[in-house]
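Peer 1: here is a sequence with its predicted model. Questions after.
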Amino acid sequence: MKEFHNYAWGIFLIIVGILFIVKYRYNLNISMPRAIAGLFLIFFGLYILSGGGWAGLKVENGIVFGNGVVKSIGKDGECNIVFSNGVIDLSETVIPEETSDIKVNVIFSNATLVLSPDTPIVVESSTVFGVTETPDGASAAFGEHVYRTAGDQDNENGLKIKANTVFGKLTIIQRK
């Protein structure tokens, strides 16, 4: 099954060809569009299960239906992780001057937000039917929590992150 994804679509076309030959050779009453659609769904499922599957959508500032790492935040200051598993690495990211606020949305996903220890950061998390874990040991399953890095006193030249978690898990860690 491990190498199935390399040959899946070739096997699919061979089976469809055999199905056409059998239908017309033996005058069988088979609905070809239904048979092809059913075979397609079966082979697509086997293709995904064998490791050659759906890679998801990697958009500029997020991940949709996939896995990955986001290392940059665009000028809009927003990052979305939707139906995915991802890491938002802000530990080495240079944030544009115009962007003082960043919005992170984790929806039906599992995400890790990595923060820099050198930049003063305030994370305002809002969680609905999910979990948000912060480095100070707090864990919010429903509601809001504010996390401040150790260097943050008055948030001058700092970064403000608004983290929204809905039906997912967001783990915030600070790189040492």
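Peer 2: Great, that's in hand. Numbering: from 1, shown residues only.

Peer 1: please parse this protein into its domains.
Peer 2: 4-52, 57-174 (automatic domain parsing).

Peer 1: quick one: the last one to chain centroid distance?
Peer 2: Here the centre of domain 57-174 is set off from its chain's centre by 13 Å, with C-alpha atoms, centre = their mean, to the nearest Å.

Peer 1: can you pull out the strands in the protein?
Peer 2: 57-59, 62-64, 67-70, 78-82, 85-89, 101-107, 110-115, 121-128, 131-133, 139-140, 143-148, 159-166, 169-174 (DSSP state E).

Peer 1: make a markdown table from those strands and add mean neighbour count, mean pLDDT and distance to Asn27 to it.
Peer 2: Every residue, glycine included, has its C-beta placed from N, CA and C. Below are the strands of the chain laid out as a markdown table (neighbours: other C-beta atoms under 10 Å; pLDDT from 0 to 100; distance: least, C-beta to C-beta, whole Å):
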| stretch | mean neighbour count | mean pLDDT | distance to Asn27 |
| --- | --- | --- | --- |
| strand 57-59 | 15 | 62 | 45 |
| strand 62-64 | 22 | 84 | 47 |
| strand 67-70 | 16 | 86 | 49 |
| strand 78-82 | 23 | 89 | 50 |
| strand 85-89 | 21 | 90 | 51 |
| strand 101-107 | 21 | 90 | 52 |
| strand 110-115 | 22 | 92 | 54 |
| strand 121-128 | 20 | 90 | 59 |
| strand 131-133 | 22 | 92 | 60 |
| strand 139-140 | 16 | 84 | 66 |
| strand 143-148 | 14 | 88 | 67 |
| strand 159-166 | 20 | 90 | 55 |
| strand 169-174 | 20 | 92 | 57 |
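
Peer 1: tabulate those strands (JSON lines), appending distance to Ile30.
Peer 2: Below are the strands of the chain laid out as JSON lines (distance: least, C-beta to C-beta, whole Å):
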{"stretch": "strand 57-59", "distance to Ile30": "36"}
{"stretch": "strand 62-64", "distance to Ile30": "38"}
{"stretch": "strand 67-70", "distance to Ile30": "39"}
{"stretch": "strand 78-82", "distance to Ile30": "40"}
{"stretch": "strand 85-89", "distance to Ile30": "41"}
{"stretch": "strand 101-107", "distance to Ile30": "43"}
{"stretch": "strand 110-115", "distance to Ile30": "44"}
{"stretch": "strand 121-128", "distance to Ile30": "49"}
{"stretch": "strand 131-133", "distance to Ile30": "50"}
{"stretch": "strand 139-140", "distance to Ile30": "56"}
{"stretch": "strand 143-148", "distance to Ile30": "57"}
{"stretch": "strand 159-166", "distance to Ile30": "46"}
{"stretch": "strand 169-174", "distance to Ile30": "47"}
